[in-house]
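A.B. asks: let me see the structure of the following:
(one chain, ligands or ions: 2)
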Amino acid sequence: MEAKIQIKNLYKTYSNGTQALKGVDLEIKNGEFFALLGPNGAGKSTLVKIITTIVHKDSGELSIWGSNPETNFFQIQKIIGVALQENEIDPGETVENLMVFQGRLFGIPREEAAKRANLLIEAFQLTGLRRKKAGVLSGGNKRRLHCALALVHNPRILFLDEPTAGMDPEARSEFWKIIGDMNKNGVTIFLTTQYLEEAEKHASTMALISGGRIHYSGTISNFKSMVNKDNKCSLEESYLQYLDIISKNKS
Ligand code: ADP
Ligand code: MG
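C.D. replies: Numbering: from 1, shown residues only. Ligands and ions are numbered 1, 2, ... in the order given. Okay, here's the model as predicted:
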């Protein structure tokens, strides 16, 4: 069986009546670098939270590597890493401690957790900040810490919800190097981003979500040639044109 993320006919309405997902179908193959694109409020974070079991779906089917993450949570938790858009971290704890605690939470022995924490602190260029409390980090550094925390247990699938928001260009470029290397080593990347040029540069497959519905899923190059036959436009231009078509079809 080919390992993958499979989503069928997923619906979610929040308790205040907001219909966030209206029948989402999606399939992401093992090892893909996938970008979920869509305007604010489209349902991207909701979808990430449902797949990672942080939010419960109303109906629909969900499977990761052939098992249901809601009923096999402990099995799935080991293979996924999640950096949410609005992660909560203890602001009074140091970067170093948070990293080690995270490893311990996943059952990694203390010594190994410390080693892994060191590696990631260096990779994410947090070395100078390791003894600083998380609460005093800048927005960009906090995002890097979130991503480093998501990687402590060596996940095989990594969910990154708008990971580079607030990062400066140098941090971004370092960040994508790390994520690109992970993907080359077979880690599946599920990314949401508002930065279309980042998606175009790093991802190979995508889905476009708007109003809780998937309007396209497939390769980025196919998307661009579908919107513009000559395939000369950037992903951002094609994306904006396509959103325009969607909104015109609605009205
Ligand atoms: P995106 O990540 O694409 O910006 P979200 O998944 O965060 O979109 O939100 C989808 C819709 O659901 C939006 O209309 C948003 O306001 C709403 N929403 C998200 N979280 C909640 C919540 N906890 N309670 C009520 N409505 C929510
Ligand atoms: Mg979001």
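
A.B. asks: three-state assignment of E88?
C.D. replies: E88 carries the three-state label coil when classified by DSSP: H, G, I helix; E, B strand; the rest coil.

A.B. asks: give me the neighbour count for it.
C.D. replies: Residues lying near E88 (other C-beta atoms under 10 Å) number 7. Placement of C-beta: from N, CA and C, glycine included.

A.B. asks: check contacts around it.
C.D. replies: E88 makes contact with no residue under the criterion C-beta atoms under 8 Å, 6 or more residues apart in numbering.

A.B. asks: distance of H215 relative to I246?
C.D. replies: To I246, H215 is 6 Å away according to C-beta to C-beta, to the nearest Å.

A.B. asks: would you mind measuring from F223 to N231?
C.D. replies: Shown here: F223 relative to N231, a distance of 10 Å by C-beta to C-beta.

A.B. asks: now L129
C.D. replies: Taking C-beta to C-beta as the criterion, L129 is separated from N231 by 43 Å.

A.B. asks: of the two, which one has the most company?
C.D. replies: For L129 and N231, the more surrounded residue by other C-beta under 10 Å is L129, and the numbers stand at 20 against 13.

A.B. asks: quick one: contacts for that one?
C.D. replies: By C-beta under 8 Å, 6+ apart, the contact list for L129 reads 95, 137, 141.

A.B. asks: which parts of the protein sit against ligand 1?
C.D. replies: With C-beta under 6 Å from any ligand atom as the criterion, the chain comes near ligand 1 at residues 14, 16, 18, 20, 38, 40-46.

A.B. asks: which two in those are spaced the farthest apart?
C.D. replies: Checking the residues of the chain next to ligand 1 against each other with C-beta to C-beta, the farthest-apart pair comes out as N16 and G38, at 20.6 Å.

A.B. asks: between those two, point out the one with more neighbours.
C.D. replies: Set side by side, N16 and G38 show more neighbours around G38, with 22 against 5, by other C-beta under 10 Å.

A.B. asks: phi, psi of that one?
C.D. replies: As for G38, its main-chain torsions (degrees, to the nearest 10) stand at phi 170, psi 160.

A.B. asks: residue contacts, it?
C.D. replies: With contacts defined as C-beta under 8 Å, 6+ apart, G38 is in contact with 44, 208-210.
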